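Novice: next one to model:
(one chain, ligands or ions: 1)
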Amino acid sequence: MNHFEIRDGVMHAEGVSLEAIAAEIGTPAYVYSAATLRRHARVLREALDGHAETTDALIAFAVKANSNLSVLKVLAGEGLGADTVSEGEIRRALAAGIAPEKIVFSGVGKTDTELAFAIRTGVLEINVESAAELDRLIAVAAGLGARPDIVFRVNPRVGSGAHAKITTGAPADKFGAPVEEVMALYARAAASNHVRPVGLACHIGSQITELSPLKAAFAVLRRMTLDLRAQGFEVHRLDFGGGLGVPYFDRPGEADPVDYAAVAAEAARGLDVQLAFEPGRMIAANAGVLLTRVIHVNERPDGMRFLVLDSAMNDLMRPALYDAFHDIRPVRPREGAAGPYDVVGPVCETGDTFAKDRVLPPLEAGDLAAFMTAGAYGATMANEYNSRPLVPEVLVDGDRWAVVRARPSYDEMLAREAVAGWLIP
Ligand code: LLP
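Specialist: Purely as a prediction, here's the structure:
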């Protein structure tokens, strides 16, 4: 469920008309609904509260899905922590008021500097993904006289996800260490005075719409927990990662948080472990839209019809990168028959195509439209290709709204660069 609905003929985000936002700050722009963010956080929390095993689980929001400080602040207010993959993301989480004890540090290539920063910050855990990383972490921690808690990210040989580019748990994916290697690394870590192995993690992919692969991956962690304990090691935390998908089409999602919680609880039954989850998309995706304006409709004599928008692949990369589907809706629907369009942006690449032959309600030059389900992996993946200023972000909360990341002016964009001194006559 989300809070983007047509009211008095115009799409609103909660109590605010998208026309009003566009009139004030222009387009393209991301618009987020705080009520939807809160609702998604609560739905997951309530689902987890349904089982003793999952009741006190940490929900560490995957900051990569939406790293806007105001979004993180709303989620922090719901008690969420943060799953981070860079020093920048840790700094964002801290700036949004998320306590270090609720911050997980993941990622395949954390630098020594980032590891030292995470240790000094006192994050909850560092998720170690390889032998090479373990060795570097031990050296960094020794240098700081520290002993951080670590969990090992296992590659459970279960890959899932909507697209090969977002599958992370298959054997050939770069993520995590194979089961046998983690067993050996655990022993190596336990023998060190500079790390404290406390558990295991997995994350097998994103936009997962059926629970069976997650169930299989959690079962791997369960078995490893029992095996490690049988060898005398302490395992008291399991991090089940993120990955639950959302409906991008107008139909109910296949994977329900209540069923997801049941699968997680079953995997942890009787283990007496602290659980952590790292959801990104399921919290943020339906809490945001990309607001855009039709520049013109290019109707060719051969009948092809291009809907040319003022947003492009640099603002919302998902269709170009993963052939992802985003529903496109008029902000002020017109009377008339729907028809097919190729929906494109102004960037000079054929890949800058949001949809081909998409049947849409009538749209004309100057009309506003919204890409739905754009609150996750939208703004965070945006860039300034074709020297298009970085897309701004707006947060709506009831009848209030605020620009939470401003569109840079052209002067600001150019001021970030310098002409090398020797090039100036
Ligand atoms: N934890 C880890 C370690 C991750 O790598 C990810 C996502 C998550 C949690 C959150 O996954 P989620 O719950 O959002 O599925 N840019 C792609 C998605 C990439 C996901 C990468 N990892 C997209 O737009 O579909």
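Novice: who are the contact partners of the residue of the stretch 101-250 of the chain found nearest the ligand?
Specialist: The ligand sits closest to G242 of the stretch 101-250 of the chain, with a gap of 2.7 Å, by C-beta to the nearest ligand atom. No exception for glycine: its C-beta is placed from N, CA and C like everyone else's. Residues near G242 by C-beta atoms under 8 Å, 6 or more residues apart in numbering: A62, D83, H203, S206, F277, E278, P279, G280, R281, M282.
Novice: point out the least confident member of the residues you listed, please.
Specialist: Note: of the contacts of G242, the lowest pLDDT belongs to S206, at 92.
Novice: which helix in the protein runs the most residues?
Specialist: Once the chain is assigned using DSSP state H, the helix that runs over the most residues is helix 212-230.
Novice: any idea which helix or strand comes after that helix?
Specialist: Sequence order places strand 237-239 as the next helix or strand after helix 212-230, per DSSP states H and E.
Novice: need the strands for the stretch 151-300 of the chain, in chain order.
Specialist: Counting by DSSP state E, counting those that start in this stretch, the stretch 151-300 of the chain has strands at residues 177-178, 196-201, 237-239, 274-277, 288-299.
Novice: and the contacts of the first one?
Specialist: Right, strand 177-178. The contact list for strand 177-178 (C-beta under 8 Å, 6+ apart) reads E129, S130, A131, F152, R153, V154, N155, R157, P171, L185.
Novice: 7 Å instead?
Specialist: Contact with strand 177-178 is made by E129, S130, F152, R153, V154, N155, L185, as judged by C-beta atoms under 7 Å, 6 or more residues apart in numbering.
Novice: then the last one?
Specialist: Applying C-beta under 7 Å, 6+ apart, the external contacts of strand 288-299 come out as 4, 18, 21-22, 27-32, 305-311, 315-316, 346, 363-372, 374-375, 378.
Novice: do that strand and the ligand come into contact?
Specialist: No: Strand 288-299 lies apart from the ligand when judged by C-beta under 6 Å from any ligand atom; the minimum separation is 12.4 Å.
Novice: what residues of the helix or strand just after that strand count as buried?
Specialist: Counting by DSSP H and E, the next helix or strand C-terminal to strand 288-299 is strand 305-309. Judged by neighbour count using 16 or more other C-beta atoms under 10 Å, the buried positions of strand 305-309 are L307, V308, L309.
Novice: thinking again about what came up before, not counting its neighbours along the chain, what's nearest the residue of the stretch 101-250 of the chain closest to the ligand?
Specialist: Among residues not flanking G242 along the chain, E278 sits closest, at 4.1 Å (C-beta to C-beta, 6 or more residues apart in numbering).
Novice: could I get the phi/psi values of that neighbour?
Specialist: Per-residue torsions, E278: phi -130, psi 60 (degrees, to the nearest 10).
Novice: got the residues of the stretch 1-150 of the chain near the ligand?
Specialist: So the stretch 1-150 of the chain meets the ligand at A62, K64, A65, D83, S106 (C-beta under 6 Å from any ligand atom).
Novice: burial count for the closest residue to the third one other than its chain neighbours?
Specialist: Leaving out its chain neighbours, the residue that sits closest to A65 by C-beta to C-beta, 6+ apart is G280, at 3.0 Å. G280 has 22 neighbouring residues, counting by other C-beta atoms under 10 Å.
Novice: in the sheet, who's paired with the residue in the stretch 1-150 of the chain that the ligand sits nearest to?
Specialist: In the stretch 1-150 of the chain, no residue comes nearer to the ligand than A62, which is 3.5 Å away by C-beta to the nearest ligand atom. On the basis of DSSP bridges, A62 is bridged to D83.
Novice: contacts only, for it.
Specialist: Each residue near A62 by C-beta under 7 Å, 6+ apart is listed here: D83, G242, E278, P279, G280.
Novice: mind listing the strands for the stretch 1-150 of the chain?
Specialist: 4-7, 10-13, 16-17, 29-33, 58-62, 81-84, 103-105, 125-128, 149-155.
Novice: right, so those: which one is the most enclosed?
Specialist: Most buried of those, by mean neighbour count (mean count of other C-beta atoms under 10 Å): strand 81-84, with a mean of 29.
Novice: please parse this structure into its domains.
Specialist: 4-31+285-415, 34-281 (automatic domain parsing).
Novice: contacts only, for the residue nearest to G242.
Specialist: A60, A62, D83, V104, H203, D239, G241, G242.
Novice: mind doing that once more with 6 Å?
Specialist: Going by C-beta atoms under 6 Å, 6 or more residues apart in numbering, E278 touches A60, A62, D83, G241, G242.
Novice: which two in the residues you listed are spaced the farthest apart?
Specialist: Within the contacts of E278, A60 and G241 form the most distant pair, 9.7 Å apart (C-beta to C-beta).
Novice: hmm, the worst-scoring helix or strand of the chain on mean pLDDT in reach of the ligand?
Specialist: Scoring the helices and strands of the chain by mean pLDDT, DSSP states H and E places strand 177-178 at the bottom, with a mean of 94. No: counting by C-beta under 6 Å from any ligand atom, the ligand is not contacted by strand 177-178; separation bottoms out at 13.7 Å.
Novice: partner strands of that strand, with direction?
Specialist: strand 149-155 (parallel).
Novice: which member of the contacts of E278 is positioned nearest P213?
Specialist: Set against P213, the nearest of the contacts of E278 by C-beta to C-beta is G241 (11.4 Å).
Novice: so what's the closest one closest to, chain neighbours aside?
Specialist: Excluding its sequence neighbours, the residue lying closest to G241 (C-beta to C-beta, 6+ apart) is H203, at 2.9 Å.
Novice: for that neighbour, grab the count of nearby residues.
Specialist: 26.
Novice: now do the one 3 residues further on
Specialist: In terms of burial, S206 registers 26 neighbours under the definition other C-beta under 10 Å.
Novice: am I right that it is in contact with S160?
Specialist: No: counting by C-beta atoms under 6 Å, S206 stays clear of S160, with 8.7 Å between them.
Novice: near the ligand, which residues of the stretch 151-300 of the chain?
Specialist: So far as C-beta under 6 Å from any ligand atom goes, the stretch 151-300 of the chain lies against the ligand at 166, 168, 203, 206-207, 241-243, 278-282.
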